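Novice: Fold the following for me, if possible:
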Amino acid sequence: QTEETLQRGIQDVQNLPKDIKDESTDEIALSEPTTTMDDVKSLIREEIENSEQALETDWHNCQELNLGEKRMGLEGIKVLAEVLKVNTTITRINLSKNDINYEGAKALADALKVNTTVTIINLGWNQIGDEGAKALAATLKENSTITHINLGDNRIGHEGAKAMADALKVNK
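Specialist: Numbers count the residues shown, from 1 in each chain. All right, here's what the predicted structure looks like:
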C-alpha cells in the first residue's frame, strides 16, 4: 500500500511551479496557501518522478521543507512520509497547521524511524492527540537524529505527554 500511495503521487504532474524552490535558501516553500487536498498532493508529487530521482534532482540540495499552513491533510502527509523514507538531505521540516491527525502522525513516525537526516520537525497546531504523540514517542526511542520537535497545540493529554517523557529518557 505504501508503494501504491507513492505511485499515485508520481503519476499526476511533471514540473514544479517556479516559485516553489528558493535556490538562495535551499528551502522549498509555497508562495500561496493551497486550497484543496489535490493542490497539496500535486505539489508534493511534482517533486518526485520516482523516489530514486528525487534524491538526484530537485531534492538533492534541499535542506528545509516549509509546508506550514498548507492544509496537507492525511493523503498529503502520507506522500511526504514516503519521500522522507528515501530522502537524505532534508534536515528541517515545518508541518504546522496542516490538520494532521493521529493517522498522519503515525505515517510520519514510521518514516522518521528510517530517516537519518531530519533533526528538527515542527508539528505544532495540528490534531495528533495522545495516539499521535505515542506513535512519535515510539519513534524517538529509536531515532536519535531528531533534536527538536514542536508538538504545541495538538490536543495531547496525560497519556501522550507521558509517552513523550518516557521516550525522551531513552533518546539521548
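Novice: could you pull out the helices for the chain?
Specialist: Ranges of helices within the chain are 2-11, 37-47, 51-56, 73-86, 102-114, 129-142, 158-170, based on DSSP state H.
Novice: got a list of contacts for the last one?
Specialist: What it means is helix 158-170. The contact list for helix 158-170 (C-beta atoms under 8 Å, 6 or more residues apart in numbering) reads 128-134, 136-138, 140-141, 151, 156. Quick note: C-beta positions are derived from backbone N, CA and C, even for glycine.
Novice: what about 10 Å?
Specialist: 105, 128-144, 149, 151, 154, 156, 171 (C-beta atoms under 10 Å, 6 or more residues apart in numbering).
Novice: Out of those residues, which end up buried?
Specialist: 105, 128-140, 143, 149, 151, 154, 156, 171 (16 or more other C-beta atoms under 10 Å).
Novice: Give me the below-cutoff pLDDT ranges for this structure.
Specialist: 1-61, 172 (pLDDT under 70).
Novice: rerun that using 50 as the cut-off
Specialist: Low-confidence segments of the chain, defined by pLDDT under 50: 1-3, 5-35, 47-57, 59.
Novice: Could you measure from residue 165 over to residue 141?
Specialist: Counting by C-beta to C-beta, to the nearest Å, the separation of residue 165 from residue 141 is 12 Å.
Novice: Could you do residue 118 as well?
Specialist: Computed as C-beta to C-beta, the residue 118 to residue 141 distance reads 16 Å.
Novice: Could you do residue 107 as well?
Specialist: For residue 107, the distance to residue 141 - C-beta to C-beta - is 18 Å.
Novice: so who does the nearest residue to residue 115 once chain neighbours are set aside touch?
Specialist: Once flanking residues are discounted, residue 115 sits nearest to residue 84: 5.0 Å by C-beta to C-beta, 6 or more residues apart in numbering. Residue 84 makes contacts with 65, 90, 93, 107-108, 110-112, 114-115, 117-118, 121, as judged by C-beta under 10 Å, 6+ apart.
Novice: The same query, at a cut-off of 8 Å, please.
Specialist: Applying C-beta under 8 Å, 6+ apart to residue 84 gives the contacts 90, 93, 108, 111, 112, 115, 118.
Novice: number of nearby residues for residue 87?
Specialist: 22 (other C-beta atoms under 10 Å).
Novice: thought it was touching residue 115?
Specialist: Yes: counting by C-beta atoms under 8 Å, residue 87 touches residue 115, with 7.1 Å between them.
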